[in-house]
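K.L.:
After the sequence you'll find the predicted model.
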Amino acid sequence: MNLSNSSETSNREPSERNLSKLCVHTITTKPWPIEEAARRFSASGIGGITVWRDALAGRDIRQTGQLLRDQNLSIVSLCRGGFFPHTEAAGRQVAIDDNKRAVDEAFALGAPLIVLVCGADPGQSLSESRKQIQDGIAAVLPHAEAAGVKLAIEPLHPMYADSRSAINTLYQANDMAEALHSPWVGVAVDVYHLWWDPTLEREITRCGKNGNLFAFHICDWKTPTTDFLNDRGLMGEGCINIRQIRGWVEATGFTGFSEVEIFSNRYWSEDQALFLEKIKHGYLHHS
């Protein structure tokens, strides 16, 4: 693929870009309650917000959705569903029921999409966990379709294959989405999980051909990484060629948001207003 032709937006100078296609996850600024996050994001010119389910605890979800829209924020997605595999049938049913509740929450919030962290069970083979993931999504799919909520399979880095996700490459996610054969099922591309994959460009192109690229998440991989879960970097702080991957994504025709999803004990301990300024700078200059 010729990156010079992949996207006019990808080649813009920072001064020519704005924040209208920047989305920030509530988990990224976890110390802020969702009301403050929404106010701060909106005042900064950020266009979108992805809501984590914990941020909705104790709140009227419909009212919260209206609050976000009143702040001129697009509700990009709800995180997260998934965690389907279990060695016991009762455990798998609990997961299916919880994912149906997530669909109901997304509908009430006004979120068009749920991102699925698919899960794994170390007590069984990865192939069995993958079968249970596909079966679980199939069981939830009619409920999601009736609610008008899409489901995005998010592959996670192989270091999480033991218990967080048996779906570890975009190839696997594409295969599963194609097998489920529904316009309501697609994939989420997260650079933190996929930047290392030598087939990434080809599989992103495959997403474009299938029309199933639903979400694009960005952050950076720090070297050294001190915590493989909670030490993600700001864009430009690590070794991921985010701009190149964004070019591949946009070459598919994807016009959605770049979603900043950063888990960081370091940044959660800082002044969140200053952190938000760093997020904006990283997005404009390094993605």
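P.N.:
Received, thanks.
K.L.:
For the rest of this, base every contact and every neighbour count on C-alpha atoms.
P.N.:
OK.
K.L.:
Is residue 268 in contact with residue 32, as I believe?
P.N.:
No - shown here, residue 268 and residue 32 do not form a contact pair, counting by Cα atoms under 8 Å, at 9.5 Å.
K.L.:
got any residues that touch both of those two?
P.N.:
Common contacts of residue 268 and residue 32 (Cα atoms under 8 Å, 6 or more residues apart in numbering): none found.
K.L.:
separation between the most centrally placed residue in the chain and residue 96?
P.N.:
Among the residues of the chain, the one closest to the centroid is residue 217, at 5.1 Å (Cα atoms, centre = their mean). Distance, residue 217 to residue 96, by Cα to Cα, to the nearest Å: 25 Å.
K.L.:
again with residue 51
P.N.:
Applying Cα to Cα, the value for residue 51 to residue 96 is 20 Å.
K.L.:
ditto for residue 109
P.N.:
Counting by Cα to Cα - residue 109 and residue 96 are separated by 20 Å.
K.L.:
for the protein, what spans make up the helices?
P.N.:
34-43, 61-70, 89-109, 126-147, 170-180, 191-194, 200-210, 242-251, 265-268, 272-286 (DSSP state H).
K.L.:
Quick check: buried residues in the second one?
P.N.:
Neighbour-count burial for helix 61-70, counted by 16 or more other Cα atoms under 10 Å, picks out 61, 64, 65, 66, 67, 68, 69.
K.L.:
If you drop the residues flanking it in sequence, what lies closest to the second one?
P.N.:
In other words, residue 64. Leaving aside its sequence neighbours, residue 64 sits nearest to residue 109 (Cα to Cα, 6 or more residues apart in numbering; 6.8 Å).
K.L.:
Pull the contacting residues for that neighbour.
P.N.:
By Cα under 8 Å, 6+ apart, the neighbours of residue 109 are 61, 62, 63, 64, 65, 66.
K.L.:
next one: residue 91
P.N.:
By Cα under 8 Å, 6+ apart, residue 91 lies in contact with residue 85.
K.L.:
pLDDT weak spots in this protein?
P.N.:
Residue ranges of the chain with pLDDT under 70: 1-16.
K.L.:
By residue count, what's the longest strand in it?
P.N.:
When the chain is parsed with DSSP state E, its longest strand is strand 74-82.
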